[in-house]
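Participant: Quick check, what structure comes out for this input:
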Amino acid sequence: SGRPEDKMADEEHKELLSKSILELSRAVRSGSFTRILTAAEAVLSIDPDDEDAKQCKLVALIKQSDFSGALNFIKEGKLENAILEQAYCLFRLKQFDNATTILNNAPNAESSHTELNAQILYRLEQFTNAISCYKVLLETETDDEFQSERIANLSASIAGKVFAAQDHEQIDDIPEDVDTYEQCYNRATVELAQGNPQQALNLLEKAIVLCRKMLNEDPDVTEDEIEDELALLQIQKGVALQSLGKDSLAMEIFSHVGAEADMVLYAVASINIVALNKEHYVFVSRKKMNALKVEGLFDRLTTAQKRAISVNSALLLLYMNQSEQCHQKLSEIQEKFPNSEFPYLMKAALHYRDKKPENGLELLRAYSSSHPNSLKTRLAMAQIYLQENRIDEALKLLESLESIRHRQGMVGLLVKLYTLKNQKEKVRNVFETATDRLAAQTKGDKKDLIAMLLRYADFEFSEKQFEKAASLYKKILDFDRVNAIALAKLITCLAEYDIEESEEWAQQLPPLEYDASAFDIETLEKASARRVHKRTENTGEDDANMDAAIKKKKTRKKRPGKLPKNYNPNIPPDPERWLPKYERSEYKKKHRKRAGVHYQVQRGTQGSASVARDAPVKAQGGGKTASATATPEQPEKKEPAKQPAPQQQKSKKKKNNKKKK
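Facilitator: All right, here's what the predicted structure looks like:
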């Protein structure tokens, strides 16, 4: 047995530990992580080996976002089993490689490790691996309550993969679940990435309704918090509207996002405003771009978002005619995003604007040779060829684009170019290739195939190849029996070479449904009837008499011109009688005489008026001198003889002069 003093100390120690554990239990029930941290430290100060207190302190540090403190506590406390917590802290501190290493070296892999690893892979933009992790979790973990979150994260990973590819990559195995607003939002993002803005808009409107409904059910959530949560959905809705060409509605949504919002949301809204402004309101766009220079913003953006900001910055410099700064910005983009084709497309555009198309073509050829799958580069080259009227080279390049030769835009361009060159057989080859490709690829919906067949048939119809056109219209009717346009044109074609079959197909035309009593047939016939003058058979004499009567009727009697009452044929008329009064020489002379000395004195330089009072002034129209105060002598005026005009003629001239003035 020990000493009494030791027993008392042990009892006090146990009592103090019991009180500390009780306080920790109360703190845990309260949910206050500050109290939990304080109580856990009090327990550990008494018993450093208490595992429950260690776990409580570690969780409290993580919940308070003190990730560095949590890592230090794991090392100091030798918490060897805290693999998930250590990896999570490294993940939040953006030390993704270290976090992945710890998870991969874990002795016992758990589903929580796979969950965290999927999030790390998403942040590292390794979307394919993240998709694989989420698919494994959806197959193995079917009984817990986190399935909806996993489906939403899977859709987000798929969207990130498509956006990172910079093209509309089609992915078939997309989860169909859209029960929560997060799932609707991420599925809408996938549709946007695949080039389906209308489907994305429908999903986003549903997501907004679900989000508001869910948050309204929570009494602790305020209206401001609801609006903050809806801001992300609204901005994505603006992006969908912008893709649909509804720029005014999209601009209205983006303009409502203020600088007080989350910096990422404000950045997305600002960059889309710049994209909508294009070459207009460049100073507003420049202000928006400068507002994005916020510390810590780029750390929260994805590579696709960073690339979009850089691209719009270069375009803004181009619109502001700052070519040198634009070239510098493009060089920066090439260094940061070596796989981006935009700098090369932009530089080619600058060369073309500087009237150096060959330099732009050489740049695009060099990039295309190292990136043979770059579709935009080849299309840009084809555009320059067409603008330079080098049709043969453009055709050769367009024919090599096998992946898009069946699309309607490409088919329309090839048909137009071959038609200009009068190569009708090649036009037919283009249509045949496109229809065969669409027939092989189309599953279920034949909309694109029917549209292509209709264009092919219309071409054959315009070339008067009625049998070939009729066979194409029949194919269309095999897919769509109620296509009235194809049926009407088929009947028209058959009427050219097979009347009986044409009549058989005509029986399938829908009946005309109208109320006959609402129309007055006789009135319509009279209104639309053309008058036809029937010419009776006449003899030659009647024709001769009729021709003579027509000639006599057409001949007009020439009347002598009217002369003024006081006309004198011995006096020649005034040659300036047709000129306006202010353009006649006589009028100008009178104007100068009326001005006289006062005109010259008033129009002189400063100080010349006092000199002019004493100096002799030469009067207009004569060689004599007079004082400035005297009236200058008027020389004798010899007016040319002119023909007097009647009073009515004068009034007309006055009116004409007023109009000209």
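
Participant: Break down the stretch 351-500 of the chain into its helices, ranges please.
Facilitator: 357-370, 375-387, 391-399, 408-420, 424-441, 447-462, 466-479, 484-494, 499-506 (DSSP state H, counting those that start in this stretch).

Participant: Reformat the ones you listed as CSV; add mean pLDDT.
Facilitator: Formatted as CSV, those follow (pLDDT from 0 to 100):
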stretch, mean pLDDT
helix 357-370, 91
helix 375-387, 92
helix 391-399, 92
helix 408-420, 92
helix 424-441, 90
helix 447-462, 91
helix 466-479, 91
helix 484-494, 91
helix 499-506, 89
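
Participant: can you list the weak-confidence ranges in the stretch 451-600 of the chain?
Facilitator: 514, 516, 528-557, 588-600 (pLDDT under 70).

Participant: rerun that using 50 as the cut-off
Facilitator: 590-593, 599 (pLDDT under 50).

Participant: Determine the longest helix present in the chain.
Facilitator: helix 4-30 (DSSP state H).

Participant: just checking, what packs against it?
Facilitator: helix 33-46, helix 51-63 (3 or more C-beta pairs under 8 Å, 6 or more residues apart in numbering; DSSP states H and E). Backbone N, C-alpha and C define where each C-beta goes, glycine included.

Participant: what sits up against the first one?
Facilitator: I take that to be helix 33-46. Residues from elsewhere that reach helix 33-46 (C-beta atoms under 8 Å, 6 or more residues apart in numbering): 13, 16-17, 20-21, 23-24, 26-28, 50, 53-54, 56-57, 59-61, 63-64.

Participant: Now with 6 Å, please.
Facilitator: By C-beta atoms under 6 Å, 6 or more residues apart in numbering, the list of residues contacting helix 33-46 from outside reads 16-17, 20-21, 23-24, 27-28, 50, 53, 56-57, 60, 63-64.

Participant: Quick one, which of these are buried?
Facilitator: Those of these that meet the buried threshold are Leu17, Ser20, Ile21, Glu23, Leu24, Ala27, Val28, Asp50, Ala53, Cys56, Lys57, Ala60, by 16 or more other C-beta atoms under 10 Å.

Participant: Distance to Leu192 for these - can I get that in CSV?
Facilitator: Shown next, in CSV, are these (distance: C-beta to C-beta, whole Å):
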residue, distance to Leu192
Leu17, 59
Ser20, 55
Ile21, 54
Glu23, 52
Leu24, 49
Ala27, 46
Val28, 44
Asp50, 52
Ala53, 49
Cys56, 44
Lys57, 44
Ala60, 40
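
Participant: number of nearby residues for Leu276?
Facilitator: 18 (other C-beta atoms under 10 Å).

Participant: Which secondary structure state is assigned to it?
Facilitator: Using DSSP: H, G, I helix; E, B strand; the rest coil, the secondary structure recorded for Leu276 is helix.

Participant: Tell me who's in contact with it.
Facilitator: Counted by C-beta under 6 Å, 6+ apart, Leu276 has contacts Asp247, Met251.

Participant: let's see it at 7 Å
Facilitator: Residues in contact with Leu276 (C-beta atoms under 7 Å, 6 or more residues apart in numbering) are Gln242, Asp247, Ala250, Met251.

Participant: burial count for the first one?
Facilitator: If I follow you right, that is Gln242. The burial count for Gln242: 19, using other C-beta under 10 Å.

Participant: out of the buried ones among the contacts of helix 33-46, which one sits closest to Leu413?
Facilitator: Using C-beta to C-beta, Ala60 comes nearest to Leu413 of the buried ones among the contacts of helix 33-46, at 65.4 Å.

Participant: Flag every buried residue along whatever helix or strand Phe283 lives in.
Facilitator: Using DSSP states H and E, Phe283 falls within helix 282-290. Residues Val282, Ser285, Arg286, Lys288, Met289 are the ones in helix 282-290 that count as buried (16+ other C-beta under 10 Å).

Participant: And the first one, how far from Met289?
Facilitator: If I follow you right, that is Val282. For Val282, the distance to Met289 equals 10 Å [C-beta to C-beta, to the nearest Å].

Participant: overlap in contacts of those two?
Facilitator: Leu316.

Participant: which residues does Ser374 contact?
Facilitator: Glu341, Tyr367, Ser368.

Participant: Contacts only, for the nearest residue to Phe461 once chain neighbours are set aside.
Facilitator: Among residues not flanking Phe461 along the chain, Ala469 sits closest, at 4.3 Å (C-beta to C-beta, 6 or more residues apart in numbering). The contact partners of Ala469, by C-beta under 7 Å, 6+ apart, come to Ala457, Glu460, Phe461, Cys493.

Participant: and what of Leu24?
Facilitator: Counted by C-beta under 7 Å, 6+ apart, Leu24 has contacts Ala39, Ala40, Val43, Ala53, Cys56.

Participant: tell me the pLDDT at the last one?
Facilitator: To tie it back to what came earlier, the one meant is Cys56. Cys56 carries a pLDDT score of 91 in this model.

Participant: Having no further points to raise, I will conclude here.
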